[in-house]
Structures are given as C-alpha cells and as structure tokens.
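K.L.:
My questions are about this predicted structure, shown below with the sequence.
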Amino acid sequence: MRRGRIGWAAIALVVVGAASGCSQVAVLQPVAGDSVTAVNNATSDVLASAGIDVMTWPVCTFDDEGYTCTGQTVAGEPIVGKATATDPKELTVTVGDRTVYQGQVAAVLEQAGRVP
C-alpha cells in the first residue's frame, strides 16, 4: 500500500514540476525583447520615474504608423505613449496635455538596465 502512495506522489511531483516549468516560460516571454514589449516597458518606466500615480498601466498596440500605448492616472487623466515604427524608435509620453518624455525608447530601457 505504501509503495502505491509513493508512486502517486512521484507522479504528482512530475506533473506539478512540468506545469510550473510551463508557467515560467510564459512569464519570461514578455521580456524576450520584441518591439511592442520594449515600447510598453519604456512607457511604464517613464511614468514610474516621473512619479505618475497610475490607475491603469498603459497597454500598447501596433499598426502601420507605429505604437500607441494608452492608460489612465488615478486622477482620471489619459496617459498616451506614441512611438515610431522605425528604428531608432522615438517615444513621446503624455499625461493629460503635459509631455513627460520625448526621446528614444532605447535610452529609457538602457537607463532602467534593460537592453533594447
């Protein structure tokens, strides 16, 4: 009877280990360095560095003209990040009608310790 329990316990450990390995891979995918992730990270880094109180962190999308990230502050102001599609990517982050950053995505990521 005891051998059966040990066998099932071993199987359970293998299944849990395999499942956790899959979730670790899924977590690492966003930091793999694709462009939309780079723009999203840079936009978030700019907001954090500027001390902006964020209610909804920006989510970025891509179209033929470039990248657009939208979110909202705690005060209800719109957050907009726009970046060019061409390299080097130029990023402009605005909160309401105020520009909080204008420059290259790579510069923000390098300052934050990420490699673009």
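P.N.:
Received it, and whenever you're ready, just let me know what you need.

K.L.:
so what are the domain limits for the protein?
P.N.:
The record assigns the chain these domain ranges, following automatic domain parsing: 1-32, 33-111.

K.L.:
which one of those domains has the most crowded surroundings?
P.N.:
Across the domains of the chain, the average number of neighbours (mean count of other Cβ atoms under 10 Å) peaks for domain 33-111, which reaches a mean of 17. C-beta: built from backbone N, CA, C; applies to glycine.

K.L.:
circling back to that earlier point, TSV for the domains of the chain, including mean pLDDT?
P.N.:
Shown next, in TSV, are those (pLDDT from 0 to 100):
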stretch	mean pLDDT
domain 1-32	50
domain 33-111	95
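
K.L.:
Check the secondary structure at residue 81 for me.
P.N.:
For residue 81, the reduced secondary structure class is strand; criterion used: DSSP: H, G, I helix; E, B strand; the rest coil.

K.L.:
hang on, it packs against residue 95?
P.N.:
No. Assessed by Cβ atoms under 8 Å, residue 81 is found out of contact with residue 95, at 9.9 Å.

K.L.:
intersection of neighbour lists for those two?
P.N.:
Listed as contacting both residue 81 and residue 95 by Cβ atoms under 8 Å, 6 or more residues apart in numbering is no residue at all.

K.L.:
got a list of contacts for stretch 87-100?
P.N.:
With Cβ under 8 Å, 6+ apart as the contact definition, stretch 87-100 has outside contacts at 35, 38-39, 42-43, 46-47, 50, 52, 67, 69, 73, 77-84, 101-106, 108.
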